[in-house]
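Novice: got a predicted model here, sequence first, then my questions.
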Amino acid sequence: MTAAAYPHPVSDIRLIETHISWVFLTGTYAYKVKKPVDFGFLDFSTLELRLRFCGEELRLNRRLAPDIYLAVCPIAGSPQTPRIEGEGPPFEYAVKMRQFKEGSLLADLAAAQALTADHIGALARLIAEFHCSIPQSGGEDDYGSLSSIRKATMDNFTHIEAILPPEQVARDIARLRESARRDHETLAGVFRARKREGYIRECHGDLHLANIALIDGKPVPFDAIEFNPELRWIDVISELAFIAMDLEARGLTRLAAKLVNGYLSVTGDYGGMVLWDYYRRYRAMVRAKIAALTWEHTAQDAARAAHLAGFRRYVDYALSLVPDRPARLILMHGVSGSGKTHVAAQLAEETGAIMIRSDVERKRLASHRHADPARIYLPAFTRATYDRLLELATPLLHAGLSVILDATFLERQYREDASRVADTCGAGFAIIAMDAPEATLRERIRARQRAGTDPSDADLDVLERQLRSRIPLSEDEAGFTVNCGPDSTLPDLLARLSDPRAQS
């Protein structure tokens, strides 16, 4: 479209083309026009359908990006002389958006090695709060049912096989299809429980790094799926898996771990992690399918090669998740202020383990039980908190995910309970014993209280009681214990954790 097509001054026009749309960038505004295509999972083949889905795109994206998505605009005139918001009957429609700065996508930041832990921490909180606020699927619809999940997964394979030559995909697709088929059998009860318990919600549906912009220092997701409700009425863990997969496929595993653990600390949805590997494989194959579709509709040889390389990267990532991975249960141990949470967070980011923090889960449990805040540190509630930590960890270990439990674990009984859970799940077991000089412990407690941002309620009185009553770990625990002090480094800690005695 030339400058004359727009209802405002335009000096420079750029076109971005995807397999389903044209986006015209004008400087201040961007106009997105849907292509008249029908891919089965997406049907924009008529003007009526394109208008309808423009309206849906506006509605859905205003939930997370109200300042970007402005209006649906009619395009009058003719394809040769179009006029946005012009007089006469429209022959097309466009979604009008406020254009943001080039290079603002999280994908751009990742490519430039400028995507930070702070960006991901903010994104984790944003997604968690979004998921807690959106509508849940009712029991009467088919969204999130085992049959719809199976169809979405298997359709990815079918679409890919219809596009790419068999010699390029047959063996890998067969392996991934068989893995998915087994999961549909073994995880059927989990899929049904997720729907029954309200975790199928009207999500964004296409939440990866190229659909999130950094605007005024804050992550802003855009381009939610409007064209197929089955692709956005999904398990919230499937949505989280999409971003984590994208980060991991780019080699940003520490940021992926920060995203996941930040999200879980807000939502407490540890049960959904049983489906973690399944949904990460599914999301990788969604991106592989899009790469294949784009390859098919691209003429330039260099661009086709890039899309084919992207396809291969996502398939290889999905294949890397098929083998079983040894799980391990790691207990943090030590008095308040000894650095347990800091080290646990570092380990979780480095290893991809799921971190479950007692301070957070104690208060979540108190909220669910409407408990008196004055009583949540009494022995009975402390026992209930430790039981809850193991209850959350057990299905994750069974699913092959390593877990770090961040609690004091000063009482031997709680450590023995955790060891039995690890044995039952066939997981390795390790204790990280934290220590620091008493003066350092006291100063850390004071600093934490001054900041007022930490979930821990431990004060100096709690610390003094712990110091008076603590009992050293027993000799029989030494074989799977790693000591960690103020001078310990993360590489050293990881090396000592790799000792077989700390794994089984």
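Specialist: Happy to help now that I have it. Numbering: from 1, shown residues only.
Novice: which residues does His333 contact?
Specialist: Neighbouring residues of His333 by C-beta atoms under 8 Å, 6 or more residues apart in numbering: 340, 408-410, 415, 431-434, 473, 481. Where you see a C-beta, it was placed from the backbone N, CA and C, and this is true even at glycine.
Novice: any idea how this structure splits into domains?
Specialist: 3-98, 106-320, 328-502 (automatic domain parsing).
Novice: confirm for me that Leu365 is in contact with Ala384.
Specialist: Yes - using C-beta atoms under 8 Å, Leu365 is in contact with Ala384, at 6.5 Å.
Novice: if we can go back for a sec, make TSV out of the contacts of His333 and add neighbour count, secondary structure and pLDDT.
Specialist: Rendered in TSV, the data for the contacts of His333 read as follows (neighbours: other C-beta atoms under 10 Å; DSSP: H, G, I helix; E, B strand; the rest coil; pLDDT from 0 to 100):
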residue	neighbour count	secondary structure	pLDDT
Lys340	27	helix	95
Thr408	22	coil	94
Phe409	24	coil	96
Leu410	16	coil	94
Arg415	20	helix	96
Ile431	24	strand	97
Ile432	26	strand	97
Ala433	20	strand	96
Met434	24	strand	95
Leu473	18	coil	92
Thr481	19	strand	94
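Novice: contacting residues around Ala170?
Specialist: Counting by C-beta under 8 Å, 6+ apart, Ala170 has contacts Glu161.
Novice: for it, which three-state class applies?
Specialist: helix (DSSP: H, G, I helix; E, B strand; the rest coil).
Novice: tell me the confidence at it?
Specialist: Here, the pLDDT recorded for Ala170 equals 86.
Novice: what does Trp22 give?
Specialist: At Trp22, pLDDT is 96.
Novice: so what strands line up beside the strand or helix carrying it?
Specialist: Trp22 is located in strand 21-25, with elements delineated by DSSP states H and E. Partner strands and pairing direction for strand 21-25 (DSSP bridges) are strand 14-17 (antiparallel), strand 29-34 (antiparallel).
Novice: ok, back up a step: by mean pLDDT, show me the worst of the domains of the chain.
Specialist: domain 328-502 (a mean of 90).
Novice: for the chain, longest strand please?
Specialist: Longest strand in the chain by number of residues (criterion: DSSP state E): strand 69-77.
Novice: tell me which residues are up against the following helix or strand past that strand.
Specialist: Per DSSP H and E, the first helix or strand lying C-terminal to strand 69-77 is strand 82-84. Strand 82-84 is contacted from outside by 1, 4-7, 31, 73-77, 91-92, 94, 96, using C-beta under 8 Å, 6+ apart.
Novice: TSV for the contacts of His333, including distance to Leu497?
Specialist: Below are the contacts of His333 laid out as TSV (distance: C-beta to C-beta, whole Å):
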residue	distance to Leu497
Lys340	15
Thr408	20
Phe409	16
Leu410	21
Arg415	17
Ile431	10
Ile432	8
Ala433	12
Met434	14
Leu473	16
Thr481	11
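Novice: ok, Gly485 - how many residues close by?
Specialist: Close neighbours of Gly485, defined as other C-beta atoms under 10 Å, add up to 13.
Novice: equivalent analysis for Ser21, please.
Specialist: 18.
Novice: residues in contact with it?
Specialist: So Ser21 contacts 32-35 (C-beta under 8 Å, 6+ apart).
Novice: tell me which of those is nearest to Phe100?
Specialist: Lys32 (13.4 Å; C-beta to C-beta).
Novice: what about that closest one, distance to Arg50?
Specialist: According to C-beta to C-beta, to the nearest Å, Lys32 and Arg50 sit 11 Å apart.
Novice: what's the answer for Ala344, then?
Specialist: From Ala344 to Arg50 the distance is 50 Å (C-beta to C-beta).
Novice: so which elements touch the helix or strand hosting Asp387?
Specialist: Using DSSP H and E, Asp387 sits within helix 379-398. Counting by 3 or more C-beta pairs under 8 Å, 6 or more residues apart in numbering; DSSP states H and E, the packing neighbours recorded for helix 379-398 are strand 354-357, helix 358-369, strand 403-406, helix 412-425.
Novice: now distance to Lys195 too, for those, in CSV please.
Specialist: As requested, the helices and strands packed on helix 379-398 are exported to CSV (distance: least, C-beta to C-beta, whole Å):
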stretch, distance to Lys195
strand 354-357, 23
helix 358-369, 21
strand 403-406, 25
helix 412-425, 25
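Novice: pick the most deeply packed of these.
Specialist: strand 403-406 (a mean of 26; mean count of other C-beta atoms under 10 Å).
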